[in-house]
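*Asks:* please work out how this folds:
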Amino acid sequence: MHDNPKVFICHSSEDKESFVNNFVDNLFKRGIDAWVDEYEIHFGDSIIEKVNEGLKNSDKGIIIFSKNLNNSQFALAEVDSIIYKGIYEKSYFIIPVIIDDDVEIPELINHVSGVKITNIENYDNELNKICDIVFGRHELSVLGEPPSYYKLNQLPNCTKQNTEIFRRMGYYCLENGFDAELDIILLSIAREYLEDIKGENSIDQEEIEEVIVDTLDILEEYGYIKSYDAHLGLPFVSKGFTSKGFYFYFRNFIIDSDKICKDVISVIYNDKKFEVNELLSSCNISQNLLNALIRLFKEKEFIICDNQYNILKITPKGKRYFNKILNG
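*Replies:* Okay, here's the model as predicted:
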């Protein structure tokens, strides 16, 4: 283990002032190299690349579970990535730190002993326990083999490698939009994937290109992505998510996807809110995720909307479907 263990801190930005900043300062004082976005991501940096780098280089992951966490799609995507790393890297430990009552712990880690902090103003005993876990002085369960239902996250007709690269592509699109054209970033995604499984010094550019071209061919063959015209001197043309690809990413890799979808449908169908700004303020999801859902509903002919994702009307087909989702 490193002399100063590296720990990735996953949290909601809403908890920074009330808890996270003080918690991270306390970890630093005790010799723990805590990765937190506020200190590591600077103006002009790619958020996705920096987060992936911080997660890749960490020895353990601390997830701060609070009521605010469930309202942050980006933080929940980080939770997914930490759990995935914990499952497939046997030496990686996850430490749930719970600062609110009645918060939901993902089923995949609800067997892992967490640390409950009942008073965020005075938590020395809990902090000592967390530090003992980080430094290996306190036994903590590893996640072990993924349960059978988790393996359903492997895309139909795709390998685990295809699926993992697809997941990382979707994670990028959470920040940049699911209508983004993906080009040079795909090489970075493939490189990071290979570095995670093989180490930085055992891969070359030819292997990176071979892996990404093979994966893109499979994903496009089965309709998860599509091609654009741009080439940019790469060994492939630019790619983008199809609605089918977004649907599979959303259902498999976004926590509480069913609830999110139902909430959006309820606001559209029951509350009759059709403007994007109204939907954003009512649904508590990112604009990129909302836009992708609206585009999916449009392609399914459930709604008619303009080019700015404002809904003009719900179709008869959409009314039947939305009513079925909401009322069974």
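
*Asks:* please enumerate the strands of this structure.
*Replies:* 6-10, 33-35, 60-65, 93-98, 115-116, 225-227, 239-241, 303-305, 311-314 (DSSP state E).

*Asks:* how about the residue nearest in space to the middle of the chain, what does it touch?
*Replies:* Centroid-nearest residue in the chain, with Cα atoms, centre = their mean: Ala77, separated by 1.8 Å. Going by Cβ atoms under 8 Å, 6 or more residues apart in numbering, Ala77 touches 171, 174, 253-254. C-beta here means a position set from N, CA and C on the backbone, and glycine is covered the same way.

*Asks:* looking at the strands of the chain, which is buried most?
*Replies:* strand 60-65 (a mean of 24; mean count of other Cβ atoms under 10 Å).

*Asks:* just send the strands of the chain back as a markdown table, with distance to Ser282 and mean pLDDT too.
*Replies:* Compiled in a markdown table, these are given as follows (distance: least, Cβ to Cβ, whole Å; pLDDT from 0 to 100):
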| stretch | distance to Ser282 | mean pLDDT |
| --- | --- | --- |
| strand 6-10 | 26 | 92 |
| strand 33-35 | 33 | 89 |
| strand 60-65 | 24 | 94 |
| strand 93-98 | 28 | 91 |
| strand 115-116 | 32 | 91 |
| strand 225-227 | 31 | 92 |
| strand 239-241 | 25 | 92 |
| strand 303-305 | 16 | 95 |
| strand 311-314 | 13 | 96 |
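
*Asks:* looking at these, spot the one closest to Ala292.
*Replies:* strand 239-241 (7.8 Å; Cβ to Cβ).

*Asks:* can you give me how far the closest one is from the chain middle?
*Replies:* 18 Å (Cα atoms, centre = their mean, to the nearest Å).

*Asks:* elements contacting it?
*Replies:* Strand 239-241 sits against helix 160-176, helix 205-221, strand 225-227, with contacts defined as 3 or more Cβ pairs under 8 Å, 6 or more residues apart in numbering; DSSP states H and E.

*Asks:* low-confidence ranges in the stretch 51-200 of the chain?
*Replies:* Residue ranges of the stretch 51-200 of the chain with pLDDT under 70: 90, 111, 137-154, 200.

*Asks:* redo that, cut-off 80
*Replies:* 87-91, 107-108, 110-113, 136-157, 197-200 (pLDDT under 80).

*Asks:* now the helices for it?
*Replies:* 73-88, 124-134, 160-176, 184-198 (DSSP state H, counting those that start in this stretch).

*Asks:* for Tyr222, find the nearest of these.
*Replies:* That would be, of the helices of the stretch 51-200 of the chain and by Cβ to Cβ, helix 160-176, which comes in at 9.3 Å.

*Asks:* contacts for the closest one?
*Replies:* Counting by Cβ under 8 Å, 6+ apart, 47-48, 52, 73-74, 77, 81, 84, 153-155, 158, 178, 180, 182, 185-186, 189-190, 192-193, 211-212, 215, 218-219, 224-225, 241, 245-246, 249, 252-253, 286, 288-289, 292 sit against helix 160-176.

*Asks:* pull out the buried residues from the residues you listed.
*Replies:* 48, 52, 73-74, 77, 81, 84, 153, 155, 158, 178, 180, 182, 185-186, 189-190, 192-193, 211-212, 215, 218-219, 224-225, 241, 245-246, 249, 252-253, 286, 288-289, 292 (16 or more other Cβ atoms under 10 Å).

*Asks:* coming back round to it: most tightly packed of the helices and strands packed on strand 239-241?
*Replies:* helix 160-176 (a mean of 21).

*Asks:* okay, the angle between it and helix 184-198?
*Replies:* With axes from the mean of the first three to the mean of the last three Cα atoms, to 10 degrees defining the directions, helix 160-176 sits at 130 degrees from helix 184-198.

*Asks:* start at 712 instead
*Replies:* Sounds good: first residue 712 from here, last item helix 871-887.

*Asks:* between helix 916-932 and helix 871-887, find me the angle.
*Replies:* 80 degrees.

*Asks:* what separation do you get for the closest residue to Cys972 other than its chain neighbours and Gly934?
*Replies:* Among residues not flanking Cys972 along the chain, Leu1004 sits closest, at 6.9 Å (Cβ to Cβ, 6 or more residues apart in numbering). Separation of Leu1004 from Gly934 (Cβ to Cβ, to the nearest Å): 18 Å.

*Asks:* the two: who's more crowded?
*Replies:* Leu1004 (25 against 13; other Cβ atoms under 10 Å).

*Asks:* against Phe1008, how distant is Glu986?
*Replies:* In this view, Glu986 and Phe1008 are 15 Å apart by Cβ to Cβ.

*Asks:* same deal with Ile805?
*Replies:* 35 Å.

*Asks:* mind listing what the closest residue to Ile774 other than its chain neighbours touches?
*Replies:* Take Ile774 and drop its neighbours on the chain: the residue closest to it by Cβ to Cβ, 6+ apart is Cys721, 4.6 Å away. Contacts for Cys721 (Cβ under 8 Å, 6+ apart) come out as 772-775, 786, 789-790, 793.
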